[in-house]
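Enquirer: Predicted structure and sequence below. I'll ask about it afterward.
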Amino acid sequence: MNNLVLPLYDIVRGTSRFRYGRTLNKTQWLGPRDIESLQRRNLRCLIKHAFETVPYYRRLFREAGLVPDNIREPKDLVKLPILTKQELRKEFRNMVSTVVNPNTLRACQSGGTGDPVRFFTTKDSFSWEVAAEFRAYEWAGYKLGDKCFTFWGSPIDLAKSESLVKRFAEILERRFMADTFVISEEVLARFTYLLRRFKPRIIRGYASSVFMTAKYLKENDVVDVRPNAVITAAETLHDSMRKTIEDAFQCPVFDYYGSREVGAIAAECQEHKGYHISAENVVVEFERDGEPVGSGEKGIMLLTDLRNFGMPLIRYRIGDVGVPSEETCSCGRGLPMMSSIEGRVSDFMAFYDKESGRVRPVGPIYPVVISAAMHLPIENCQVIQNALNRLVVAIVKGKGYSQRHTEFIVEHFKKYLGNEIEIEIEFVKYIPPLKSGKRSNFISKLDPFNPRGESGRKV
């Protein structure tokens, strides 16, 4: 069946996902050394292409006194400066390959929690992205044609879903997309009705949207929505959220990590021992204070897309924090691992440590926020940091909320974060999602991993 459907899928979407998917399904079972060799080969091809055809990288190499042969494996990438979002905006035109036909480039923009950045991809790199994405879904038991209920809130994606090609792809994939940009009791009731009627085999979507729906199902004793698996994406999945989703749907949760800029990056398999990195397509570095971190340590992720030859992104600071791992998975796949995704940099609080005289990251703060709100009469809450050692807590009151609950919240935050933290409570009627459609319980306007705002260039 798939031998007939998948080629048709590629024709509809204009991709080579079928062919590349077969390649990735083979390479995932290679041993770690063979995968490292494949990754090195792909990296060398990208570096040579970037040096020869991309003005921005040609200049960087010459300024650093480097030639392509100086970057032969992932550990050599530290010789190049970090590509920040600010630098990407500034050098946008100089980062496009001069040998790629501009008419073949796909114009895209990032989602995320901050200001979006524009970038280009090629049809070929998009095909590799889609192939790696669906490989990850297959680890959760998904097969093309399985009924899939998708919770999504991105205006970009929702607008695209209106196109004739996208609609046909949704029919082919048997996918229903629910708009989660606005969520209320009425919307959650509607989702419940649709889930019962659609009877999906797979549920996929923003981690927060799936969690809020699962919480609603539990609170209303709905027990007849039973998919085979839930795939969460786009936002950090915390342990408390995973447990609520598994309890509500009575099935395993598979977390998937990707980005618009690079596509599929890492995902959980059936062993749930960490995240397999799509090393055939991407190099992931983990660094802090300008140095690589060791296994088990938190680090800022730097991504190098090995497939995008139209606008190469090398050592791109995506703004996420993860923990690398040297473990191998018992599933038998040779792909490298990361043990956890800690969240975005904006999930961490910038805290001034008097003892060291330095600004340090604290967090992620989400567990502190959710533990305060979970058992209180609060419909929604969000914590925002605009200044060091000061937080604003926005609260949507629920029935029965009183002054004693406010006092508890202030005491709760000071208990976990210290008495030096200044807490301001602000009552609101509604907390809107971010422009991307994502939701976050904590947003820092500061960067605790880069408090002085360095550009990432070496001096």
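Expert: Yep, that arrived. The structure displayed is predicted, hence computed values, not measured ones. Residues are numbered from 1 along each chain as shown.
Enquirer: Residue 440 is in contact with residue 235, isn't it?
Expert: Yes - at 7.4 Å, residue 440 counts as touching residue 235 under the criterion of C-beta atoms under 8 Å. For glycine as for every other residue, the C-beta is placed from the backbone atoms N, C-alpha and C.
Enquirer: Compare those two (neighbour count), which wins?
Expert: A count of neighbours by other C-beta atoms under 10 Å puts residue 235 above the other of residue 440 and residue 235, at 25 against 22.
Enquirer: per-residue pLDDT, that one?
Expert: Per-residue confidence (pLDDT) for residue 235: 82.
Enquirer: Equivalent analysis for residue 434, please.
Expert: 64.
Enquirer: what does the one 5 residues further on give?
Expert: At residue 439, the model reports a pLDDT of 65.
Enquirer: same check, this time on the one 3 residues further on
Expert: In the predicted model, residue 442 carries a pLDDT score of 78.
Enquirer: What about it, how many residues nearby?
Expert: Residue 442: 25 surrounding residues under other C-beta under 10 Å.
Enquirer: That one touches residue 392, doesn't it?
Expert: No - shown here, residue 442 and residue 392 do not form a contact pair, counting by C-beta under 8 Å, at 10.9 Å.
Enquirer: Quickly list what's touching both of these two.
Expert: Counting by C-beta atoms under 8 Å, 6 or more residues apart in numbering, the shared contacts of residue 442 and residue 392 are 383, 384, 385.
Enquirer: Out of those residues, the closest to residue 333 would be?
Expert: Nearest to residue 333 among the shared contacts of residue 442 and residue 392 is residue 383, at 37.9 Å by C-beta to C-beta.
Enquirer: Against residue 94, how distant is the residue lying closest to the closest one once chain neighbours are set aside?
Expert: Spatial nearest neighbour of residue 383, chain neighbours left out: residue 442 (4.7 Å); criterion: C-beta to C-beta, 6 or more residues apart in numbering. Residue 442 sits 36 Å away from residue 94, going by C-beta to C-beta, to the nearest Å.
Enquirer: ok, now residue 141?
Expert: On the measure of C-beta to C-beta, residue 141 and residue 94 end up 44 Å apart.
Enquirer: Comparing those two, which shows the higher neighbour count?
Expert: Taking neighbours as other C-beta under 10 Å, residue 141 and residue 94 compare with residue 141 leading, 17 against 13.
Enquirer: before we move on, the earlier item: touching both of residue 440 and residue 235, which residues are there?
Expert: Common contact partners of residue 440 and residue 235 (C-beta under 8 Å, 6+ apart): residue 208.
Enquirer: Quick one: the helices in the stretch 301-450 of the chain, in order.
Expert: 366-373, 403-417 (DSSP state H, counting those that start in this stretch).
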